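Colleague: Got a predicted structure here, sequence first:
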Amino acid sequence: MTIENLKAFLKKMQEDESLREKVLSSSTADDVAKIAQALGYEVSGDELLRFSGKKVGKVTVRKNIVPGEYN
């Protein structure tokens, strides 16, 4: 995966409302990565987590802290 793949996926998400809804309803970074991979973007859940706090266009990647989650 390259950062460019991740940025391209996030830009696509800005333009596609149904994709954005799918991503926002996902429970884990791995779930989001699977959505990206199905669209041809080489993205992993770990890479999404490492990108947390960074912004691409109007999209800011944020890790959701879930009660009871193991870190």
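Modeller: Structure received. Numbers count the residues shown, from 1 in each chain.
Colleague: going forward, measure contacts between C-alpha atoms and count neighbours the same way
Modeller: Will do.
Colleague: hey, where'd the strands end up in the chain?
Modeller: 55-56, 59-60 (DSSP state E).
Colleague: could I get these as TSV with mean pLDDT?
Modeller: Below are those laid out as TSV (pLDDT from 0 to 100):
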stretch	mean pLDDT
strand 55-56	84
strand 59-60	80
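Colleague: Would you mind putting those into CSV with distance to residue 22 and mean neighbour count alongside?
Modeller: CSV is the format used below for the strands of the chain (distance: least, Cα to Cα, whole Å; neighbours: other Cα atoms under 10 Å):
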stretch, distance to residue 22, mean neighbour count
strand 55-56, 18, 14
strand 59-60, 14, 14
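Colleague: Local confidence estimate at residue 1?
Modeller: In this model, residue 1 is scored at 55, pLDDT.
Colleague: Show me what counts as buried in the lengthiest helix in the chain.
Modeller: As assigned by DSSP state H, the longest helix anywhere in the chain is helix 3-15. Neighbour-count burial for helix 3-15, counted by 16 or more other Cα atoms under 10 Å, picks out 6, 7, 9, 10, 13, 14.
Colleague: Over to stretch 17-25?
Modeller: 19, 20, 23.
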